[in-house]
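A.B. asks: What would the 3D arrangement of this be:
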Amino acid sequence: MTQKTAFSTRATYAYKLCGWQTRSDIPLTCVQTSSCGGESVDVFIQIAPGHPPIAENANRVVFEHSAQSSLIKIEDVADFEVIGGRQIRVWPAARASQKDIEIFLFGPVWATLCHQRRMLPLHASAVVTKRGITAFAGHSGTGKSTIAALMGSLGYELVSDDVLPISFNRNSIPGAWPYLRRLKLKADPITQLALTPVELVSATLDKEKYFVRPKYVADDKWHRLDRIYLLGGDPTDSRVPIDKITGAESVHSLVEHTYHFHFIPGSGRFREHLMFCSKLASKIAIYRLRLSQSFQLGSIIRAHLGDLSSETSTTC
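C.D. replies: Below is the predicted model of the structure:
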């Protein structure tokens, strides 16, 4: 779908993302629409007229950040401007598809919006447990979405996939609103967990993944963050698959798994971000979770959460 056919009508669509009433000129794929009613709009996603502020002869990928405004360019996809944590302006490339634009809109662009609002966009997928949100953080390809899907097959509600925007409430308790309550998965975990794909994520980018609607999704309200599991490690290691980390290591892990960290040095907010991560690490439990095909991950995680029941055991 090209720019002309996708965006010529300029219809405005309403969504609720991260607890924010959002109006978008782009119909967002696999995101449930919302009725704003008389509520004010918190975030605008707009197809901008005229030429983008980034020069045409700039590099293929550009990130330019200040405290209040950011410019992001992805060649052959779109130019984006993010302003004041409230406005996202989009200049689609001539032949860009809507889905390719969404990949960056939902990723570094939305993460930039969260950074501007002084939140931590954690590179994580997350579900709700009895104690609050459990997040699975890791770099791309470590299995965040697959574990979230696995937990969903055990009855846990999805809060977000790939990016979890974390904030503190008035009582300095960390938590998050739901963000993207749909999954992007490759064919193997879809088959293993007997899930039904909705459609291909993109015909050109992320073309090996499909959108999947989870069976259970979290209510559209703020949930307290209970713990974070960091995915990775040597899969041949035979030691206990879960171990707790504390102190400077836990703070470093939050910095390391900050989504679109480019914003932090560009905006001059490194000290502020480090203080945020230090405060968060002091209030939640952070663990390393080693992945291996030999582990019955569903049982292991549920046992660690204290939610294991004798009738359910899932291997992934």
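
A.B. asks: other SSEs contacting the helix or strand where Glu272 lies?
C.D. replies: Using DSSP states H and E, Glu272 sits in helix 270-281. Under the contact criterion of 3 or more CB pairs under 8 Å, 6 or more residues apart in numbering; DSSP states H and E, helix 270-281 touches strand 120-129, helix 247-256. C-beta here means a position set from N, CA and C on the backbone, and glycine is covered the same way.

A.B. asks: CA atoms only for stretch 215-224 - export them in CSV, please.
C.D. replies: Extracted C-alpha coordinates of stretch 215-224, given in CSV (Å, rounded to 0.1, in the frame of the first residue of the first chain):
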residue,chain,number,x,y,z
LYS,A,215,-6.2,-14.8,24.2
TYR,A,216,-5.8,-12.6,27.3
VAL,A,217,-5.1,-8.9,27.5
ALA,A,218,-4.7,-6.6,30.5
ASP,A,219,-7.3,-4.1,31.4
ASP,A,220,-6.7,-0.6,30.2
LYS,A,221,-5.4,0.7,33.5
TRP,A,222,-2.1,1.4,35.3
HIS,A,223,-0.5,-1.7,36.8
ARG,A,224,2.3,-1.8,39.4
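
A.B. asks: got the buried residues for that stretch?
C.D. replies: Going by neighbour count (16 or more other CB atoms under 10 Å), the buried part of stretch 215-224 is 217-218, 223.

A.B. asks: got it, and stretch 46-65?
C.D. replies: For stretch 46-65, the buried set under the neighbour-count rule, 16+ other CB under 10 Å, comprises 46-48, 52, 54, 63, 65.

A.B. asks: And the nearest residue in space to Phe80 that is not next to it in sequence, how far from Asn171?
C.D. replies: Setting aside the residues directly before and after it, Phe80 is nearest to Ile72 in space (CB to CB, 6 or more residues apart in numbering), at 4.4 Å. Distance of Ile72 to Asn171, given as CB to CB, to the nearest Å: 34 Å.

A.B. asks: ok, back up a step: can you tell me which of the helices and strands packed on helix 270-281 comes nearest to Leu158?
C.D. replies: strand 120-129 (5.8 Å; CB to CB).

A.B. asks: Just after the closest one, pick out the following helix or strand.
C.D. replies: Next element after strand 120-129 (DSSP H and E): strand 132-137.

A.B. asks: Who are the packing partners of that following strand?
C.D. replies: strand 120-129, helix 144-153, strand 163-168, strand 174-176, strand 223-232.

A.B. asks: These: which one's closest to Pro265?
C.D. replies: Counting by CB to CB, Pro265 lies closest to strand 120-129 out of those; the figure is 15.5 Å.

A.B. asks: hey, which of the helices and strands packed on helix 270-281 is tucked in deepest?
C.D. replies: Ranked by mean neighbour count, those are led by strand 120-129 with a mean of 26 (mean count of other CB atoms under 10 Å).

A.B. asks: And the spatially most central residue of the chain, what's its pLDDT?
C.D. replies: For the chain, the residue nearest the mean C-alpha position is Val163 (1.5 Å; CA atoms, centre = their mean). On the pLDDT scale, Val163 is placed at 97.

A.B. asks: what's across from it in the sheet?
C.D. replies: His123 (DSSP bridges).

A.B. asks: right, and it touches Phe106 too?
C.D. replies: Yes - between Val163 and Phe106 a contact is recorded at 7.3 Å, counting by CB atoms under 8 Å.

A.B. asks: okay, and the common contacts of those two?
C.D. replies: Leu180 (CB atoms under 8 Å, 6 or more residues apart in numbering).

A.B. asks: hang on, the earlier thing: least confident of the buried residues of stretch 46-65?
C.D. replies: Scanning the buried residues of stretch 46-65 for pLDDT, the smallest score is found at Ile54, 89.

A.B. asks: Report the secondary structure state of that residue.
C.D. replies: coil (DSSP: H, G, I helix; E, B strand; the rest coil).

A.B. asks: Please report how far it lies from Lys73.
C.D. replies: 5 Å.

A.B. asks: repeat for Gly141
C.D. replies: 24 Å.

A.B. asks: Among the two, which residue is more densely surrounded?
C.D. replies: Lys73 (24 against 7; other CB atoms under 10 Å).
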